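J.: below is the structure, and that's it, no one-letter string:
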Ligand SMILES: NC(=O)CC[C@H](N)C(=O)O
């Protein structure tokens, strides 16, 4: 399981691989940005629903986990108080702008973002492409709210701060820390609706583990630590819709999307990014009109490959490779906001971007 790159990471940072001693270490300064989610959830008094996500403000959330003091000096700011199903381009922009400020602030060593788990992978991936990677940027959430017997928020938050405070986490992709496991933004995916082990990286696996004694990365740090793309200057970002493929699919949803003025369509195709004859014809016509068509898949793992059952070269389509539909959408929005419209160039980015 441990590759040679782990050994090199170990030798570079040998003190950090040993059991942690909170007392003897000088503490890092960690900026915690709260956005909402179950980790900020509150039990519902009217009892009609289990709980409301996103209620607790940053200061109260941090104060509710006194053990964080053992890990780092915390500075907390509330970015939003939402369930992550309501994450918006405007909030993504605000969050990224604050992180970019923190990158240039020598008094901050790492950044932790508390977030709802439903769209955490999209925010993580967005940030991964627009912020730099010198300082650790970690997203964390909870599957169960405070007050439930199996509440996981406090433990996850302690783990996330611990990783953000570690020199081992520098020059890494934006990460998600959940359930003792460290994932990279590009490959992490919510794979279970309610289980505590909800996050996995079906194609790539986790990049590390964290527990009360250790942080262990299974891969070397990134060779390049600059942001891949400029942050879009304004929200909303260019409109890109996801269309889900299924049996007896016609072109109606695609035609509707075109009427709404989409700049791109992500196909959550069947199998290797496939779809019905009717839907395909409509996508071909859209591509001829300059709409960017990216073939992704509704299948949770595997690659979408070019020119297998569908002639992508002839149709001027892009394939998402291992990016799922929701992350393909974020990437295409970033590219369109950066005035990248050539399908050749877009394909190259989908194929090579970390
Ligand atoms: N476990 C969760 O965080 C889900 C709560 C909510 N739907 C959200 O994503 O914010």
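T.: Looks like it arrived, so ask away. Computed from a predicted structure; not experimentally measured.
J.: looking at this structure, which residue is nearest the ligand?
T.: residue 116 (1.8 Å; Cβ to the nearest ligand atom). For every residue, glycine as well, the C-beta is placed using N, CA and C.
J.: contacts only, for that residue.
T.: Listed by Cβ atoms under 8 Å, 6 or more residues apart in numbering, the contact partners of residue 116 are 35-39, 53-54, 82-85, 87, 141.
J.: go with 6 Å
T.: 36-37, 53, 83-84, 141 (Cβ atoms under 6 Å, 6 or more residues apart in numbering).
J.: and the lengthiest strand in the chain, what's buried?
T.: For the chain, the strand with the greatest residue count under DSSP state E is strand 72-82. For strand 72-82, burial by neighbour count (16 or more other Cβ atoms under 10 Å) applies to 72-74, 76, 78-82.
J.: just stretch 93-100 next, same as before
T.: When neighbours are counted by 16+ other Cβ under 10 Å, the buried residues of stretch 93-100 are found to be 93-96, 99.
J.: hang on, the earlier thing: and the residue of the chain closest to the ligand, what helix or strand is that in?
T.: Residue 116 belongs to no helix or strand when assigned by DSSP states H and E.
J.: neighbouring contacts of stretch 29-41?
T.: 51, 53-54, 56, 58, 61, 72-82, 84, 102, 107-116, 141-142, 145, 153, 161, 164-165.
J.: that stretch near the ligand anywhere?
T.: Yes: counting by Cβ under 6 Å from any ligand atom, the ligand has neighbours in stretch 29-41: 36-38.
J.: check the secondary structure at residue 281 for me.
T.: The three-state assignment at residue 281 reads helix, by DSSP: H, G, I helix; E, B strand; the rest coil.
J.: find the nearest non-adjacent residue to it, please.
T.: Take residue 281 and drop its neighbours on the chain: the residue closest to it by Cβ to Cβ, 6 or more residues apart in numbering is residue 251, 6.9 Å away.
J.: got the contact list for that neighbour?
T.: Counting by Cβ under 6 Å, 6+ apart, residue 251 has contacts 278-279, 282.
J.: of the residues of stretch 29-41 next to the ligand - the most surrounded one?
T.: Per-residue neighbour counts (other Cβ atoms under 10 Å) across the residues of stretch 29-41 next to the ligand peak at residue 37, which has 31 neighbours.
J.: find the nearest non-adjacent residue to that residue, please.
T.: Spatial nearest neighbour of residue 37, excluding adjacent residues (Cβ to Cβ, 6+ apart): residue 116 at 2.8 Å.
J.: how about the helices in the stretch 51-200 of the chain?
T.: Along the stretch 51-200 of the chain, the segments classed as helices by DSSP state H, counting those that start in this stretch run 58-63, 89-103, 120-130, 153-164.
J.: so which of those comes closest to residue 173?
T.: Across those, residue 173 has its closest neighbour in helix 120-130 (5.4 Å, Cβ to Cβ).
J.: report all helices and strands that that closest one contacts.
T.: helix 89-103, helix 325-337 (3 or more Cβ pairs under 6 Å, 6 or more residues apart in numbering; DSSP states H and E).
J.: run the chain-centre distance for it.
T.: 4 Å (Cα atoms, centre = their mean, to the nearest Å).
J.: and for stretch 92-105?
T.: Per Cα atoms, centre = their mean, the centroid offset for stretch 92-105 relative to its chain is 16 Å.
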